[in-house]
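Novice: Model the structure of this input:
(one chain, ligands or ions: 1)
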Amino acid sequence: MQMEKLVSLCKRRGFLFQSSEIYGGLNGFWDYGPLGVELKRNIKDAWWRDMCQNHNELVQPPGAPSSYDMVGLDCTIIMHPQVWKCSGHYDLFHDFMVDCRASKKRYRFDQVRGKWVARDHQRVFVTTMAEPDHEDEELQRRALKFFNLRAKDLEKLVFDSKMMTLDKLSPEDRPFVLGPDSSELGTLTDPREFNLMFKTYVGALSGEEGAAFLRPETAQGIFVNFKNVVDSTRIRVPFGVAQVGKSFRNEITPRNFTFRSREFEQMEIEFFCHPNESAAWYQYWRNRRLQWYKDLGLAGERLRLREHDADELSHYSCGTADIEYAFPFLPEGEYGELEGIAHRGDFDLRSHSEGKLDPKTRPLQVELNEHGQPRHRGSGKDLSYRDDLSNERFIPHVIEPSAGADRATLAFLCQAYDEDEAPDEDGKLQSRVVMRLNPRIAPIKAAVLPLVKKDGMPEMATELYGSLKKKFNVFYDEKAAIGRRYRRQDEIGTPYCITIDSQSLQDRTVTIRDRDSLEQWRVKIDDCVSEIERRVT
Ligand code: GAP
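Specialist: Residues are numbered from 1 along each chain as shown. Next up, the predicted model:
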């Protein structure tokens, strides 16, 4: 599937728009249109229902070490600044970036890609920020220009390495790098740390006194409410706390449609368990979360679960697996992260209690400043847990399945896009674009279509539409030929089209058409709501 086709459909049919588009847009920010908002809401609702609301704490799910509780939270985006000091984000949440002295542009160090190119005795590393589909072509164009050659002279150049990112070069190679927007060598600076948190000011206080941050993850709101949740409910470890909400990261180079945005939504669970059981719970959540994506339609080779190597683990983590999807905008064979499932040990609860832990210490100890005091002071609150049956007191370990609602939405859109042929009203095969979205997440569940705009068909159709509308998002359309109306619905992923025809007027039955199999069958109009409900929930 070509990404351009999906991007164009998303704009044309109202799934996704660039934020502030009439002013030229704002890089890294996206708006969901009338269909996009329904799709994303259905994904978030499916996650909330499957993980939290419909969870039965009385039953031990298959693969789980025991039964467990689930509750939800909705925390603020701006929190006490000390939260981010103790979480490690203040000191450690950064990417490396390089600036170009010539073009004044800024790039993420690990996103600038290029190849070594030689001509006679000169060897340079030519880079580009072009999308994978065009990067080879763009590299050739830039290399020819740099060596003052014309297209027909391409064989004079030797491309003597495979494509690699700038961070793989040694510092001695940097003077030979041709920056993505520069015409001279060696214009990129050395990599520098860039904190990804957005800063803001609270109230009338200016300067550092009033400084605060927009949360870069929803997780910390759950940790700092751990005691509130335990004290205000009868919940017992093991239990999970779920939260869905906006997060903000000042990404250096947002790209690939909504994949890397500066404002996005997360769906996170912090699962608190006994340290002795944490390895088993980690396995359970990895499998459970992978299956969730499969159940909603992501499957086959495009979806995979990848265990992190030791050098990839975050500062708090003693085990992380990513659920990844082969997004079409990535180079062949590459996958992008949809969700991370991390074993965070007791890093977060202890940091918020004792003071920020030093991630380099084993066992973890509070990081101290030059005066021997905690570098970032914790709350001083006891965040341990006492099991009232065994009387044991311990600091729970945490397993964190952390998903992105926007990345999930994008993956479901990519997976759903298909082109095939379907017969029109005269039985002739016509090419069509069809979004094969799982009915549970499809923005519109059914379209109600009177075959013609007369003979009482619209009246019967509007009556049915009214009954369906009380339960789901449905669409009414009486304009244009029926084949054309079907195709308009196929293109936005509506799983069922219901047609009212002359037979309907005689026997009060209607035809239901399945988007994927194109099968059609008749049901009594009075059974239509329950038939659709059975199929879309
Ligand atoms: N609390 C752990 C945490 O935030 P993360 O891997 O940084 O972990 C979790 O983020 C998920 O949030 C990612 O797997 C991804 O789906 C989503 N996400 C992270 N950064 C994003 C961005 N810039 N744009 C869109 N989604 C993002």
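Novice: I'd like the average pLDDT over stretch 41-49.
Specialist: Across stretch 41-49, the average pLDDT comes to 98.
Novice: residues in contact with that stretch?
Specialist: 72, 242, 244, 265, 267, 292, 296, 403, 405, 408-409, 412, 440-443 (CB atoms under 8 Å, 6 or more residues apart in numbering). The way it works is simple: take the backbone N, C-alpha and C, and place the C-beta from them, glycine included.
Novice: Contacts only, for the spatially closest residue to residue 98 that is not a sequence neighbour.
Specialist: Leaving out its chain neighbours, the residue that sits closest to residue 98 by CB to CB, 6 or more residues apart in numbering is residue 188, at 4.6 Å. If a contact means CB under 8 Å, 6+ apart, then residue 188 has 98-101, 107, 112, 166, 174, 177, 179, 182 as its contacts.
Novice: try residue 135
Specialist: 113, 128, 163.
Novice: near the ligand, which residues of the chain?
Specialist: With the criterion set to CB under 6 Å from any ligand atom, the chain comes near the ligand through 217, 219, 249, 251, 260-261, 264, 266, 268, 337-340, 400, 402-404, 406-407.
Novice: Which of the residues you listed fall in strands?
Specialist: The strands, defined by DSSP state E, take in 264, 266, 268, 337-340, 400, 402-404 from these.
Novice: the strands in the stretch 401-537 of the chain, which residues?
Specialist: Along the stretch 401-537 of the chain, counting by DSSP state E, counting those that start in this stretch, strands occupy 417-423, 429-435, 446-450, 474-476, 496-500, 509-514, 520-524.
Novice: typo on my end, the stretch 201-350 of the chain
Specialist: 211-213, 239-248, 263-273, 303-307, 320-325, 336-345.
Novice: nearest spatial neighbour of residue 187, skipping sequence neighbours?
Specialist: residue 102 is the one closest to residue 187 (CB to CB, 6+ apart), at 4.2 Å.
Novice: and the gap between that neighbour and the ligand?
Specialist: 28 Å (CB to the nearest ligand atom, to the nearest Å).
Novice: That residue belongs to a strand, doesn't it?
Specialist: No. Residue 102 sits outside any strand when classified using DSSP: H, G, I helix; E, B strand; the rest coil, being coil.
Novice: Would you confirm that it contacts residue 186?
Specialist: No. With contacts counted by CB atoms under 8 Å, residue 102 stays clear of residue 186, the gap being 9.7 Å.
Novice: Show me the helices in this structure, by range?
Specialist: Listed in chain order, the helices of the chain (DSSP state H) span 3-12, 34-48, 81-87, 89-92, 135-146, 219-224, 226-232, 278-295, 347-354, 405-416, 457-469, 482-492, 502-507, 528-536.
Novice: buried sites along the third one?
Specialist: The one in question is helix 81-87. Within helix 81-87, the residues that count as buried by 16 or more other CB atoms under 10 Å are 82-87.
Novice: For that helix, which outside residues touch it?
Specialist: 90-91, 93, 197, 211-213, 216, 220, 223-224, 348, 351-352, 355-356, 376-379.
Novice: what number of residues lie near residue 255?
Specialist: Applying other CB atoms under 10 Å, we find 15 residues neighbouring residue 255.
Novice: which ones are touching it?
Specialist: Contacts of residue 255 (CB under 8 Å, 6+ apart): residue 111.
Novice: rerun that using 10 Å as the cut-off
Specialist: For residue 255, the contact set (CB atoms under 10 Å, 6 or more residues apart in numbering) comprises 27-28, 108, 111, 129, 131, 261, 329.
Novice: For stretch 298-316, give the mean pLDDT please.
Specialist: So the average pLDDT for stretch 298-316 ends up being 85.
Novice: how far does that stretch sit from the chain's center?
Specialist: Relative to the mean C-alpha coordinate of its chain, stretch 298-316 is positioned 14 Å out (CA atoms, centre = their mean, to the nearest Å).
Novice: Equivalent analysis for stretch 199-210, please.
Specialist: In terms of CA atoms, centre = their mean, the centre of stretch 199-210 is found 31 Å from the chain centre.
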